[in-house]
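J.: Just the structure for this:
(chains A and B)
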Number of protein chains: 2
Amino acid sequence: MGWQIHWLRVLSNKPPIDSKIPKAVVSRLSLYLRELQQLIREGIPTISSTKLGRRLGFTASQIRKDIAYFGQFGYPGIGYKCEELVAEIRSILGTDRTWPVVLVGCGNLGQALLGYRGFSTQGFEVVAAVDVDESLVGNTIEGIQIDRLSRLSEIVREKGVRVAILAVPSEAAESAVEAIVDAGITGILNFAPVTLALPKNIGLVEVDLARELEQLAFSVLQKDES
Amino acid sequence: MGWQIHWLRVLSNKPPIDSKIPKAVVSRLSLYLRELQQLIREGIPTISSTKLGRRLGFTASQIRKDIAYFGQFGYPGIGYKCEELVAEIRSILGTDRTWPVVLVGCGNLGQALLGYRGFSTQGFEVVAAVDVDESLVGNTIEGIQIDRLSRLSEIVREKGVRVAILAVPSEAAESAVEAIVDAGITGILNFAPVTLALPKNIGLVEVDLARELEQLAFSVLQKDES
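T.: Model (predicted):
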């Protein structure tokens, strides 16, 4: 939980992508990618599904089944070539290209996120930032000048923005989402602690830091009480 | 799925907390809390499990069953008193108190997180920050002076730290976790993009922003290809 993806009803029929990929499989792809990148750092060029599974706590067949959704990438007697599979997975996930991103909401969280380089390493380039607060408009943070939310559609057109990072307080989320949808954005990474109702043709991933902190507090509490 | 909790084998037998609470229930408590806080903002003092369920897309019985794990909080003919249930849930989750937190890793992500006020609103007070990078030690960010990782145990003792926010690069995670465990910390909020192997008596919540960005990229890609 803490995240959630709305899947398009009618998925691409473009091979090799299967049109009924469980989201758990896509989520595990990220785990495989992370581990393969670690293997490359360790100087290990190839790995069998068995060894990869052992490192991640999955069965070999689970890994082969997950990866087979996207094509045949294993070599008999060799297993997977780490560099090659990393490139394939990044291409499957879409993190092998650059996504121009607009930050919607430039308060504390938004400003913190602007300072986070991890977005660009994943190909998400923040090219614009907007807010409704006139006292913020015009300020430059991390090289990005904050613009008015009312200009979002123009900005999206001018800069070819595809994705929005939503970092507004919950009470501002509804109107912000309206502006995002009207602007024709196709994906939202939501940091606002609210559940968004979106048209099915918009990708959504929700990051609820508040919830994750609550889960942490509860687990620590349980340990203390034992 | 971007987060994960290791549950203690032997849980508290202290009533009213049930010793076999599914983590999905605890995760839904966060959703209920968020919605009840929204109701209070809307000036709605009480709500039935049916109406609360309708707002969240859950059945009334689901909500009653989840909340019943922790005690009897509903009133016949009234439902739940929002203020009261908010207080109860915050107490159950442990976000009604202050948790002294140490930030481990003061690079880009760590510095971004230091700027995030959301931690303190959830009761997580960052009281110290450590790094292995001597060029960072001594710098003050958001009023916190960065100290050496090697001083972690002293700092934890001095400041009564219970929780660590881990924001180091993956290659630094293993040694950082070792220091955190040795220092006697009981909970880790992990932003490092690696799966941590921890003693079972340490609470762990993992926030994998990289994975969530990959999930977003994939969902946007699927929509584009359709």
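
J.: longest helix in chain A, by residue count?
T.: helix A:23-41 (DSSP state H).

J.: What strands line up against the helix or strand following it, and which way round?
T.: Sequence order places strand A:46-47 as the next helix or strand after helix A:23-41, per DSSP states H and E. Strand pairing for strand A:46-47, determined by DSSP bridges: strand A:80-81 (antiparallel).

J.: shaky segments in chain A?
T.: A:1-20, A:224-226 (pLDDT under 70).

J.: Let's see that with 80 instead.
T.: Chain A contains residues with pLDDT under 80 at A:1-20, A:23, A:108, A:112, A:115-118, A:121, A:193-195, A:208-211, A:222-226.

J.: All the strands of it, residue numbers only.
T.: A:46-47, A:80-81, A:99-104, A:124-131, A:140-141, A:144-148, A:163-166, A:187-190, A:203-206 (DSSP state E).

J.: which residues sit against the first one?
T.: Put plainly, it is strand A:46-47. Contacts of strand A:46-47 with the rest of the structure, by Cβ atoms under 8 Å, 6 or more residues apart in numbering or on different chains, involve A:36, A:39, A:75, A:78-82. C-beta coordinates here come from the backbone N, C-alpha and C atoms, glycine included.

J.: got it, and the fourth one?
T.: Contacting residues not belonging to strand A:124-131 are listed as A:98-107, A:110, A:114, A:119-120, A:137, A:141-142, A:144-149, A:151-152, A:155, A:159, A:161, A:163, A:165, B:213, B:217 [Cβ under 8 Å, 6+ apart].

J.: Quick one: buried ones out of those?
T.: Those of the contacts of strand A:124-131 that meet the buried threshold are A:99-106, A:110, A:114, A:119, A:137, A:141, A:144, A:146-149, A:152, A:155, A:161, A:163, A:165, B:213, B:217, by 16 or more other Cβ atoms under 10 Å in any protein chain shown.

J.: check contacts around the residue lying closest to residue A:33 once chain neighbours are set aside.
T.: Excluding its sequence neighbours, the residue lying closest to residue A:33 (Cβ to Cβ, 6 or more residues apart in numbering or on different chains) is residue A:89, at 4.6 Å. Residues in contact with residue A:89 (Cβ under 8 Å, 6+ apart) are A:29, A:32-33, A:36, A:70.

J.: One more pass at 10 Å, please.
T.: A:29-30, A:32-34, A:36-37, A:67, A:70, A:73, A:95-96, B:214 (Cβ atoms under 10 Å, 6 or more residues apart in numbering or on different chains).

J.: now residue A:34
T.: A:56, A:86, A:89, B:170, B:193-195, B:208, B:210-211, B:214 are the contacts of residue A:34 under Cβ under 10 Å, 6+ apart.

J.: What number of neighbouring residues does the closest residue in space to residue A:166 that isn't next to it in sequence come out with?
T.: Using Cβ to Cβ, 6+ apart and skipping residues adjacent in sequence, the residue nearest residue A:166 is residue A:190, 4.7 Å away. Residue A:190 has 28 neighbours, counted by other Cβ atoms under 10 Å in any protein chain shown.

J.: Ok, residue A:59 next?
T.: 13.

J.: Please give me every residue in contact with the residue lying closest to it once chain neighbours are set aside.
T.: Excluding the flanking residues, the one nearest residue A:59 by Cβ to Cβ, 6+ apart is residue A:53, at 5.5 Å. Contacts for residue A:53 (Cβ under 10 Å, 6+ apart) come out as A:32, A:35, A:47, A:59-64.

J.: tell me the two of the residues you listed that are most distant?
T.: Within the contacts of residue A:53, two members stand farthest from each other by Cβ to Cβ: A:35 and A:61, at 16.9 Å.

J.: What's the end-to-end length of stretch A:134-153?
T.: End-to-end distance for stretch A:134-153, by Cα to Cα, to the nearest Å: 18 Å.

J.: That one: how far from the chain's middle?
T.: On the basis of Cα atoms, centre = their mean, to the nearest Å, stretch A:134-153 sits 23 Å off its chain's mean C-alpha point.

J.: Same check on stretch A:75-90?
T.: 23 Å.

J.: Show me which residues of it are buried.
T.: For stretch A:75-90, by 16+ other Cβ under 10 Å, it's A:79-82, A:85-86, A:88-90.

J.: which residues sit in contact with the residue lying closest to residue A:70 once chain neighbours are set aside?
T.: Nearest residue to residue A:70, sequence neighbours excluded (Cβ to Cβ, 6+ apart): residue A:92, at 5.1 Å. Taking Cβ under 10 Å, 6+ apart, we find residue A:92 in contact with A:16-17, A:21, A:26, A:29, A:33, A:67, A:69-71, B:214, B:217-218, B:221.
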